[in-house]
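Colleague: Test case, fold it:
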Amino acid sequence: MRAIYKILHTTCHTGWGGLEKRIFNESTWMRDNGHTVVIVAPKNTPLFLNAKSAGFKVYGIDFKPFGLLGDYGFLKRIFKNEKPDVVNTHGNTDAKIALYAAKKKQVPLRILSRHISAHVSNSWYNRLLYKRFCHYVFTTADYTTRHLQQVFKLSDMQVFSMPSGIRLPDDMPDKDLSRRSLAVALQLPEKTRFIGFVGRVSEDKGVSSILKAFQPLSHQFPDTHVVIVGGGADTYIESLKDLAKNLELDNRIHFTGFQKNTWPFYRALDCKILPSKDVNGIPFEGIPQSLLEAMAAECPVVGSKSGGITDIIDHKKTGLLFDPENIQELTDRISETLKQEETAGQRLERARDHVLKNHTIDAMGRNIIRIYRLHQVKQERQP
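Modeller: Alright, predicted model coming up:
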């Protein structure tokens, strides 16, 4: 391989969440640093369209179950024509065929990225994926790294925690202006304060816990409202609106829907809450980009003790943690954040410094390039 790499990413995912943004931001950084990037994704999905609009070479593969044999043949032709130095897969379905096709076409470096903390079974095919078809595994959280090491007996040189790096805006919005602008947009008094959630609105993210935890605080903080920023399934969002009515909070809970630019919302919040829950006792959360962005935007954070959240929230140092099953504890953490502004401000500075040092797109890109070069040196030393 060369010092300048040709990297090909694949994914079967169709949304525009942390995984897809990770691929797009990483690809942009690599291109800005002289590398060539090709993206394979389902046709006409946000990643496909955004990558194409940004000038990346893209191939459309839907990775449907009944078309996997044809997709495998198509991938082999892509690898033959593009001759990538690196193939990096980002989903379960695409990994199963893309890594095998890349191995058959002797792609020099093959990486499997695992973005969630859900457990992986020790099946014969997973053993092939994680130990034979790929050279390295990238995870987004130390919890996931430890799990894969235990299940597949992977060494520290086979699996790496590689959290998604965030891309900071060129101009960070003013905090007070962002808060007042949000109040005006929601037709509320300009002195209104906000707490809330930014991200994918879903049951596993525990958004309903925010409403339940805020209910006993609503009289104590009469000028504070809750904002839920993000899209999700209509049925779940309607259930949250029904819950707000049942809690007699429907005039204090606001749903903005999907927002392309979330930085003004982080700046407007006095507390960003991520109450993700374990699914069947197993964490699914890697290191959430929404928490990293909030910390970089100097927004106080409260998160549940689940998955990769504990990798970045050091309790009482960079944020506050709570048991996801304990609503009262979440209520106490919100109250503590709103009441103890000076202490929360001290956490803000430490949180921002931690993110800027360890979790920017530059830090992530440099760490990935180190792995590429490490592998290159190992290959060159082999007879």
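Colleague: where does this protein have low pLDDT?
Modeller: Applying pLDDT under 70 to the chain flags residues 1-2, 383.
Colleague: Where is the longest helix in it?
Modeller: Longest helix of the chain, by residue count under DSSP state H: helix 361-381.
Colleague: how about it as PDB, C-alpha atoms only?
Modeller: Extracted in PDB, the C-alpha atoms of helix 361-381 (Å, rounded to 0.1, in the frame of the first residue of the first chain):
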ATOM      1  CA  ILE A 361     -12.600  14.600  13.300                       C
ATOM      2  CA  ASP A 362      -8.900  15.500  13.100                       C
ATOM      3  CA  ALA A 363      -8.100  13.200  16.100                       C
ATOM      4  CA  MET A 364     -10.100  10.400  14.700                       C
ATOM      5  CA  GLY A 365      -8.600  10.700  11.200                       C
ATOM      6  CA  ARG A 366      -5.100  10.700  12.600                       C
ATOM      7  CA  ASN A 367      -5.800   7.600  14.700                       C
ATOM      8  CA  ILE A 368      -7.200   5.800  11.600                       C
ATOM      9  CA  ILE A 369      -4.200   6.700   9.500                       C
ATOM     10  CA  ARG A 370      -1.900   5.300  12.200                       C
ATOM     11  CA  ILE A 371      -3.700   1.900  11.800                       C
ATOM     12  CA  TYR A 372      -3.400   2.000   8.000                       C
ATOM     13  CA  ARG A 373       0.400   2.700   8.300                       C
ATOM     14  CA  LEU A 374       0.900   0.100  11.000                       C
ATOM     15  CA  HIS A 375      -0.700  -2.500   8.700                       C
ATOM     16  CA  GLN A 376       1.400  -1.300   5.800                       C
ATOM     17  CA  VAL A 377       4.600  -1.700   7.700                       C
ATOM     18  CA  LYS A 378       3.600  -5.200   8.800                       C
ATOM     19  CA  GLN A 379       2.900  -6.200   5.200                       C
ATOM     20  CA  GLU A 380       6.100  -4.800   4.000                       C
ATOM     21  CA  ARG A 381       8.100  -6.700   6.600                       C
END
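Colleague: tell me what it is packed against?
Modeller: Applying 3 or more Cβ pairs under 8 Å, 6 or more residues apart in numbering; DSSP states H and E, one finds that helix 361-381 contacts helix 18-32, strand 109-114, strand 136-139. For glycine as for every other residue, the C-beta is placed from the backbone atoms N, C-alpha and C.
Colleague: how about TSV for those, with mean neighbour count added?
Modeller: Listed next are the helices and strands packed on helix 361-381 as TSV, based on neighbours: other Cβ atoms under 10 Å:
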stretch	mean neighbour count
helix 18-32	20
strand 109-114	24
strand 136-139	23
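Colleague: and Trp232, bridged to which residues?
Modeller: Heads up, residue 232 is Gly, not Trp. Val201 (DSSP bridges).
Colleague: Could you double-check that it sits in contact with Gly199?
Modeller: No - between Gly232 and Gly199 there is no contact under Cβ atoms under 8 Å: 9.2 Å.
Colleague: Could you list which residues are in contact with Phe48?
Modeller: Phe48 makes contact with Ile39, Ala41, Pro42, Val58, Gly60, according to Cβ atoms under 8 Å, 6 or more residues apart in numbering.
Colleague: Just the buried positions in the helix or strand harbouring it, please.
Modeller: Taking DSSP states H and E as the definition, Phe48 sits inside helix 46-53. Buried residues in helix 46-53, counted by 16 or more other Cβ atoms under 10 Å: Pro46, Leu47, Phe48, Asn50, Ala51.
Colleague: From Pro108, how far out is the residue nearest to the first one when sequence neighbours are not counted?
Modeller: Going back to what we said before, that points to Pro46. Counting by Cβ to Cβ, 6 or more residues apart in numbering, Trp16 is the residue found nearest to Pro46 once chain neighbours are left out, at 3.7 Å. Look at Trp16 and Pro108: by Cβ to Cβ, to the nearest Å, they are 31 Å apart.
Colleague: what domains does the record give for this protein?
Modeller: 6-166+361-381, 175-358 (automatic domain parsing).
Colleague: and the end-to-end length of the shortest one?
Modeller: Just to be clear, that refers to domain 6-166+361-381. Using Cα to Cα, to the nearest Å, the end-to-end distance of domain 6-166+361-381 comes out at 21 Å.
Colleague: Tabulate the CA atom coordinates of stretch 133-146 in CSV.
Modeller: As requested, the backbone C-alpha atoms of stretch 133-146 are provided in CSV (Å, rounded to 0.1, in the frame of the first residue of the first chain):
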residue,chain,number,x,y,z
PHE,A,133,-12.2,-11.9,6.6
CYS,A,134,-11.1,-8.7,8.2
HIS,A,135,-7.7,-7.6,9.5
TYR,A,136,-9.0,-5.2,12.2
VAL,A,137,-12.2,-4.3,13.9
PHE,A,138,-13.0,-0.7,14.8
THR,A,139,-15.6,-0.1,17.6
THR,A,140,-17.0,3.2,18.8
ALA,A,141,-16.8,2.3,22.6
ASP,A,142,-14.5,0.5,25.0
TYR,A,143,-17.5,-1.6,26.1
THR,A,144,-17.8,-3.0,22.6
THR,A,145,-14.1,-3.6,22.3
ARG,A,146,-14.0,-5.6,25.6
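Colleague: who touches that stretch?
Modeller: Stretch 133-146 has contacts (Cβ under 8 Å, 6+ apart) with 22, 88-89, 95, 99-100, 102-103, 109-117, 130, 148, 154, 158-164, 283, 285-287, 307-308, 310-311, 368, 371, 375.
Colleague: So which residues of the stretch 1-150 of the chain form helices?
Modeller: Listed in chain order, the helices found in the stretch 1-150 of the chain under DSSP state H, counting those that start in this stretch are 18-32, 46-53, 68-82, 92-104, 124-128, 142-152.
Colleague: Reformat these as JSON lines; add distance to Phe221.
Modeller: Output for those, formatted as JSON lines (distance: least, Cβ to Cβ, whole Å):
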{"stretch": "helix 18-32", "distance to Phe221": "30"}
{"stretch": "helix 46-53", "distance to Phe221": "37"}
{"stretch": "helix 68-82", "distance to Phe221": "53"}
{"stretch": "helix 92-104", "distance to Phe221": "43"}
{"stretch": "helix 124-128", "distance to Phe221": "48"}
{"stretch": "helix 142-152", "distance to Phe221": "33"}
